[in-house]
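Undergrad: Generate coordinates for the sequence data below:
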Amino acid sequence: MSWDWIKNRLGQGRRRGTDMPVTELAPDTSFYAVGDIHGRLDLLQTLLSQLDDDCPVVFVGDYVDRGDYSAQVLRQLRHLTDTSDGRVVCLLGNHEDMLLRFLEAPERAGRLWLTNGGLQTLASFGVGAIPMLPTGDDAARAATQLRAAMGEEFLTWLANLPLTWASGNVTVVHAALDPRCPTGKQQRKTCLWGHPQFRNQSRRDGQWVVHGHTIVDEPRISGGVISIDTGAFATDHLTAARISKGGVHFTST
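TA: The predicted structure follows:
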């Protein structure tokens, strides 16, 4: 399944709640942004086969949880980043952040992560026999096993994933940017979890934002925001947006 949406007048759209026009889409170079994968290795491999090999690829985060192959997705993405000479970039998502917080404080962070797909991620790394509502001892034991299964080098890579990536007047982020703040001064929580004014208030710096995190029925462009999380874990539709000067091309599994 695929969507093609090339707009010749992208620079003339307007944002709900404001009369400010949206500036023309102008990345420094064409690139792909890929939506939330959530453990769907099958969809990731299918989508990658449909993308141009010579175009940079930015993944917006949420590689783990809910799907059954989170470990395998992470390993493939790390391999791609290690072998691409900088042409593949992985951003941090809130689900990776929940995993890292679980490892730091399993008794405190375990319930939130496990009830949002963490059980599937543990299973993909060979860690089982833990309830969705664990005791403190259950959570601590699972965290120790997960840390051993992932290894410190792998965890260092995951913890150091950036929150944003930019090209020209386009910024890619997992969840959202605060429209009132410069792109380089965003709070970590906003980048990972969202902002209440993100969809309602126009940016005044001419910056476009590509994001995942919030599921949409199909990828969309609205007032300087390009939304590409099409709920792959449930819909079987993993989406990539090819961002070029003046246009967007959506491709989905």
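Undergrad: My reading is that A129 is in a strand; is that accurate?
TA: No. Per DSSP: H, G, I helix; E, B strand; the rest coil, A129 lies outside any strand segment and is coil.
Undergrad: Relative to R141, how far out is it?
TA: 9 Å (Cβ to Cβ, to the nearest Å). Placement of C-beta: from N, CA and C, glycine included.
Undergrad: One more: L80?
TA: Note on L80: its distance to R141, by Cβ to Cβ, is 32 Å.
Undergrad: Neighbour count: A129 and R141, which is higher?
TA: Neighbour count, other Cβ atoms under 10 Å: between A129 and R141, R141 has more, with 16 against 10.
Undergrad: Is the more buried one in a helix, a strand, or coil?
TA: Applying three-state DSSP: R141 is helix.
Undergrad: Could you report the pLDDT at it?
TA: pLDDT for R141: 94.
Undergrad: give the contact list for it.
TA: For R141, the contact set (Cβ atoms under 8 Å, 6 or more residues apart in numbering) comprises I130.
Undergrad: Can you dump the C-alpha atoms of stretch 207-222 in CSV for me?
TA: Provided in CSV are the C-alpha atoms of stretch 207-222 (Å, rounded to 0.1, in the frame of the first residue of the first chain):
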residue,chain,number,x,y,z
GLN,A,207,10.6,25.3,10.3
TRP,A,208,8.7,22.2,9.2
VAL,A,209,8.3,19.3,11.6
VAL,A,210,8.2,15.5,10.8
HIS,A,211,7.0,13.3,13.6
GLY,A,212,5.6,10.0,14.7
HIS,A,213,4.2,9.0,18.1
THR,A,214,0.6,10.0,17.4
ILE,A,215,-1.2,7.4,15.2
VAL,A,216,-2.9,8.7,12.1
ASP,A,217,-5.2,6.8,9.8
GLU,A,218,-2.9,7.7,6.9
PRO,A,219,0.2,9.9,6.7
ARG,A,220,-0.7,13.6,6.4
ILE,A,221,0.6,17.1,5.9
SER,A,222,-1.0,19.9,7.8
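Undergrad: tell me the average confidence for that stretch?
TA: Here the average pLDDT along stretch 207-222 is 96.
Undergrad: now that stretch, how far from the chain's geometric center?
TA: Its chain's C-alpha centre and that of stretch 207-222 lie 11 Å apart, by Cα atoms, centre = their mean, to the nearest Å.
Undergrad: which element is the most far-flung residue of the chain relative to its centre on?
TA: In terms of distance from the mean C-alpha position of the chain, D137 ranks first, at 31.4 Å (Cα atoms, centre = their mean). In the assignment (DSSP states H and E), D137 maps to helix 136-150.
Undergrad: Spell out the residue ranges of the helices in the stretch 1-150 of the chain.
TA: 41-48, 70-83, 94-104, 106-113, 119-124, 136-150 (DSSP state H, counting those that start in this stretch).
Undergrad: And those: which comes nearest T251?
TA: Among those, the nearest to T251 by Cβ to Cβ is helix 41-48 (7.1 Å).
Undergrad: residues of the closest one that come out buried?
TA: 41-44, 47-48 (16 or more other Cβ atoms under 10 Å).
Undergrad: Then stretch 193-213?
TA: 194-195, 198-199, 201-203, 207-213.
Undergrad: From start to finish, how long is it in a straight line?
TA: 8 Å (Cα to Cα, to the nearest Å).
Undergrad: now swap in stretch 194-213 and tell me
TA: 8 Å.
Undergrad: now swap in stretch 237-251 and tell me
TA: End to end - Cα to Cα - stretch 237-251 spans 9 Å.
Undergrad: Show the average pLDDT along it.
TA: The model assigns stretch 237-251 a mean pLDDT of 95.
Undergrad: Out of the buried residues of helix 41-48, which is nearest to T171?
TA: The closest of the buried residues of helix 41-48 to T171 turns out to be L47 (Cβ to Cβ; 22.0 Å).
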